[in-house]
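K.L.:
3D model of this:
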Amino acid sequence: MRFTAGKLLHGLLLILGVTFLSFLLMVWFGPDQTYSLIGKNASAEEIASVRHQLGYDQPFFARYFEYLRELVTLDLGASNASGEAVRSLLARTLPVSLALMIPGFVLGNLLGIALGLAAAQHRGRWPDRLITGFSVSGMSLSFLVIIIALQALLCTPYGLDLFPVRGWRVDSFASYLQYATVPSLSLILVTLGYNTRFYRAVFIEEYGRDHIRTARAFGASTTEILWKHVLRNSLVPVITRFMFSIPLVVISGSLLIESYFGIPGIGLATFEAITSGDQPVLKAVVGLTAVAFVLLQAVTDTLYRLVDPRVT
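P.N.:
Numbering: from 1, shown residues only. Sure thing, here's the model as predicted:
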């Protein structure tokens, strides 16, 4: 019970800290939207009316607690730019981002695990050096460079011209593959180097432990050592990296991919909110990302205990 209460308190403090800082920077010290909504030649009464509607005439903590109430009740207001309810906007765009990002995210991690295991098995030999060189090269490339290169190769007449350059007109699995392939490949290539370096370090550390040498001395095969001993005993850091990367990939990764490919997901909505100063959308995205991070932390703790009963 003490463990659960402590984790709950930690999660609540994290949410309060993130929401407080985001509110302070984005709203309290953020741009005044009065004149962008009403124009510069408005009367004093019109200005006062708009400021009242935006809550600018309220004290700091009244506005902050209203922000917390919106997050708890999911009554997130309406976008200042489009007038659409923020909850409706999120319900419309989040599934698109998940469908776009999850395949590349999962495949990038699985390939990173496979390459990390291969590098650990051949540590110091040419396969390890080749994999390490590949991962370092991948880490040195810009996300934008990878996107442009894949787009030129796969989406234009100068290359193979197999996929659409931009857009998201998905009405079947075939059309989904058509529009999601190039963004997914971009995500895989940009994250594979980082994933491989991380998993290689984890597996090499595990490969050098005493129980691996004991298993090898008792005649365990290479496959058994890799999958039963090395990977299984490395699941805690693997789960940590996988779970805590989800919010960052869905929001940060989709922001660049969706804005470049013109895909109407949460990333593009966030990008447009940043450029237009649409505070209701920005507050909702930041606040709900903090909540998702805390929920994933609780799920991660449960997974820890499932894969390693020694974790308390």
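
K.L.:
Give me the pLDDT for Pro280.
P.N.:
Reported pLDDT at Pro280 in the predicted model: 87.

K.L.:
Surely it is within a helix?
P.N.:
Yes. Under DSSP: H, G, I helix; E, B strand; the rest coil, Pro280 sits within a helix.

K.L.:
Distance of it relative to Gly287?
P.N.:
Here the criterion is CB to CB, to the nearest Å. By it, Pro280 lies 11 Å from Gly287. Yep, even glycine has a C-beta here, placed from its N, CA and C like the rest.

K.L.:
for Ala114, same thing?
P.N.:
In terms of CB to CB, Ala114 sits 37 Å off from Gly287.

K.L.:
Next SSE downstream of the helix or strand harbouring Glu45?
P.N.:
Per DSSP states H and E, Glu45 falls inside helix 44-54. Following helix 44-54 in sequence order, the next helix or strand is helix 60-73 (DSSP H and E).

K.L.:
Domain map for the chain?
P.N.:
13-73, 92-307 (automatic domain parsing).

K.L.:
for these, which one sits closest to Ser82?
P.N.:
With distances scored as CB to CB, the stretch of the domains of the chain nearest to Ser82 is domain 92-307 (8.3 Å).

K.L.:
for the closest one, how far is the first residue from the last?
P.N.:
35 Å (CA to CA, to the nearest Å).

K.L.:
can you count the residues close to Pro127?
P.N.:
Residues near Pro127, counting by other CB atoms under 10 Å, number 14.

K.L.:
quick one: contacts for it?
P.N.:
118-119, 121 (CB atoms under 8 Å, 6 or more residues apart in numbering).

K.L.:
any idea which of those has the most stuff around it?
P.N.:
Counting by other CB under 10 Å, Ala119 has the largest number of neighbours within these, with 27 neighbours.

K.L.:
Wait, it touches Phe134, no?
P.N.:
No. Using CB atoms under 8 Å, Ala119 is not in contact with Phe134, being 9.7 Å away.

K.L.:
Identify the contacts common to the two.
P.N.:
Listed as contacting both Ala119 and Phe134 by CB under 8 Å, 6+ apart are Thr196.

K.L.:
Now for the protein, the helix or strand with the poorest mean pLDDT.
P.N.:
helix 34-38 (a mean of 72; mean pLDDT, DSSP states H and E).

K.L.:
Return the distance of Arg123 relative to His10.
P.N.:
In terms of CB to CB, Arg123 sits 37 Å off from His10.

K.L.:
out of the two, which sits in the busier spot?
P.N.:
Neighbour count, other CB under 10 Å: between Arg123 and His10, Arg123 has more, with 15 against 12.

K.L.:
Now for the more buried one: which residues touch it?
P.N.:
Counted by CB under 8 Å, 6+ apart, Arg123 has contacts 204, 207.
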